[in-house]
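Enquirer: Sharing a model prediction with you, sequence too.
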Amino acid sequence: MKALITIGCKTDHGGIVVEADSSFLVEGKSVHLEGMKHVCPKCKKSVSAISLGKGFLTVGSKTIIMAGDKTTCGATFLPQQNLVVRANGSGLGKANAASSSFMTNKQYSGQYQLINELDGQPYKNIKYNITYDDESSVEGITDEEGMTEKLSYRDQPNTITIQVAEDEGW
């Protein structure tokens with residue numbers, strides 16, 4: 001599984017992600033998209049992000065950068081979080097059945113794996129709530145691998161929020 005790259009993440013060349021898109025947030029941090037730039041301190045030049053999973057998870061028409069993706073100078077992106085990750089699975093058209101595909105003006109369906117970033121373990125059998133920008137929401141309980149239910153096909157939201165309940169008071 002690969003974590004999504006957000007603002008503040010680093011590369012193995014020491015670069016820091018400072019450009020990001022706030023329409024998709026992970027733990028309140030904007031995601032880094034293919035083509036966005038940062039300065040590589042090792043190569044001493046401005047470089048662009050390159051997605052190795054092109055079209056896998058997009059915002060608008062740009063693919064979200066994931067851990068292990070590269071820059072134009074060859075640097076590798078390193079994650080800072082593990083809450084939102086790409087999980088491998090069987091394909092469903094252009095969308096992966098174990099992920100989300102956010103394509104402009106298209107329908108999408110997806111599934112998320114929720115991971116505790118402190119210990120790297122999946123949130124097993126825990127209640128979650130996914131809220132879309134139109135205020136509609138989906139509640140459920142994750143499975144033994146921390147996966148949400150497969151979400152219904154719908155129009156692309158601009159943003160989503162995922163909350164988990166670790167106690168009965170939620």
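Expert: That came through fine.

Enquirer: Now do residue 32 against residue 55, distance only.
Expert: Relative to residue 55, residue 32 is positioned 16 Å away (Cβ to Cβ, to the nearest Å). All C-beta atoms are positioned from the backbone trio N, CA, C, and that covers glycine.

Enquirer: With neighbour numbers in mind, choose between those two.
Expert: Neighbour count, other Cβ atoms under 10 Å: between residue 32 and residue 55, residue 32 has more, with 27 against 14.

Enquirer: That one and residue 20 touch, don't they?
Expert: Yes - using Cβ atoms under 8 Å, residue 32 is in contact with residue 20, at 5.1 Å.

Enquirer: Count the neighbours of residue 67 for me.
Expert: Neighbourhood size, residue 67 [other Cβ under 10 Å]: 19.

Enquirer: Quick check, it in contact with residue 2.
Expert: Yes - with contacts defined as Cβ under 8 Å, residue 67 counts as touching residue 2 at a distance of 4.7 Å.

Enquirer: Now do the shared contacts for the two.
Expert: Jointly contacting residue 67 and residue 2 under the rule Cβ atoms under 8 Å, 6 or more residues apart in numbering are residue 79.

Enquirer: if we can go back for a sec, quickly list what's touching both of residue 32 and residue 20.
Expert: Here residue 32 and residue 20 have 6-7 as joint contacts, going by Cβ under 8 Å, 6+ apart.

Enquirer: What's the separation between the residue lying farthest from the centre of the chain and residue 73?
Expert: Relative to the mean C-alpha coordinate of the chain, counting by Cα atoms, centre = their mean, the farthest residue is residue 44 (28.4 Å). Separation of residue 44 from residue 73 (Cβ to Cβ): 10 Å.

Enquirer: Check residue 22 too.
Expert: Separation of residue 22 from residue 73 (Cβ to Cβ): 26 Å.

Enquirer: neighbour-wise, which of these two wins?
Expert: Legend: neighbour count by other Cβ under 10 Å for residue 22 and residue 73, higher for residue 73 (16 against 13).

Enquirer: Torsion angles phi and psi at that one?
Expert: The phi/psi pair for residue 73 (degrees, to the nearest 10) reads phi -100, psi 0.

Enquirer: Report the contact partners of it.
Expert: The neighbours of residue 73, taking Cβ under 8 Å, 6+ apart as the test, are 13, 40, 42-43, 45, 47.

Enquirer: Then residue 121?
Expert: Going by Cβ under 8 Å, 6+ apart, residue 121 touches 115, 146.

Enquirer: so residue 47 touches residue 75, yeah?
Expert: Yes - assessed by Cβ under 8 Å, residue 47 is found in contact with residue 75 at 7.0 Å.
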